[in-house]
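Visitor: the following comprises the amino acid sequence and a computationally predicted model.
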Amino acid sequence: MQEVTAIPKMPAHVKGVINLRGQVIPVIDLSLKFAFPAREYTHQTCIIIVRSQTTSGERLVGAIADGVTEVLTISAQDIEHSPDFGSGAPVPYLLGMAKVRGKVKLLLDIDQVFSVDALMKLEQQPLDHDRS
């Protein structure tokens, strides 16, 4: 995992930015974004670069992952709609659920997960020098 430059006043899940081949790319810790407990980064921790569609066009975003064990091609017949979690409203960041070798894999809607509204909203806290 390469060094990430922190950006002040961002939510905890927005770790900062990296320089990848001359392009500045925001880096998000998905575990923190989805309210999982924070984990220490290890030698297997990596940044996965994904391409996301926004209203202003396509952009790259880095997602911190605990590690990568395999890359899968999932056929349409192995994908089911997300279940109703009781609220009656769909979960916007889930495309569906895939059944792979007897296990369930969550399929994320990358455009929803990495939308500008979801990622770059500044924390509404005063700066340290403004506190009494």
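Guide: Here it is on my side, so go on.

Visitor: and the closest residue in space to Leu94 that isn't next to it in sequence, what does it touch?
Guide: Spatial nearest neighbour of Leu94, excluding adjacent residues (CB to CB, 6 or more residues apart in numbering): Ser82 at 4.3 Å. To be clear about C-beta, it is placed using only N, CA and C from the backbone, and glycine gets the same treatment. Residues in contact with Ser82 (CB atoms under 8 Å, 6 or more residues apart in numbering) are Pro90, Val91, Leu94, Leu95, Gly96, Met97.

Visitor: how near is Ile74 to Phe34?
Guide: 20 Å (CB to CB, to the nearest Å).

Visitor: what values do phi and psi take at the residue most central in space within the chain?
Guide: What sits nearest the mean C-alpha location of the chain, by CA atoms, centre = their mean, is Leu30, with 4.0 Å. With angles defined as degrees, to the nearest 10, Leu30 sits at phi -70, psi -30.

Visitor: my read: it touches Val113, true?
Guide: Yes - checked against CB atoms under 8 Å, the pair Leu30 and Val113 is within contact range at 7.4 Å.

Visitor: mind checking pLDDT for Lys105?
Guide: Looking at Lys105, its pLDDT is 87.

Visitor: and it, how far from Glu70?
Guide: Taken as CB to CB, the span from Lys105 to Glu70 is 11 Å.

Visitor: which of the two has more residues huddled nearby?
Guide: Lys105 (15 against 5; other CB atoms under 10 Å).

Visitor: enumerate every residue touching the closest residue to the more buried one other than its chain neighbours.
Guide: Of all residues not flanking Lys105 in the chain, Ala98 sits nearest, at 4.4 Å (CB to CB, 6+ apart). Contacts of Ala98 were listed using CB under 8 Å, 6+ apart, and they are Ile74, Asp78, Ile79, Glu80, Val104, Lys105, Leu107.

Visitor: can you list those in JSON lines and add secondary structure and distance to His43?
Guide: Converted to JSON lines, those look like this (DSSP: H, G, I helix; E, B strand; the rest coil; distance: CB to CB, whole Å):
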{"residue": "Ile74", "secondary structure": "coil", "distance to His43": "28"}
{"residue": "Asp78", "secondary structure": "helix", "distance to His43": "32"}
{"residue": "Ile79", "secondary structure": "strand", "distance to His43": "33"}
{"residue": "Glu80", "secondary structure": "strand", "distance to His43": "35"}
{"residue": "Val104", "secondary structure": "strand", "distance to His43": "28"}
{"residue": "Lys105", "secondary structure": "strand", "distance to His43": "24"}
{"residue": "Leu107", "secondary structure": "strand", "distance to His43": "28"}
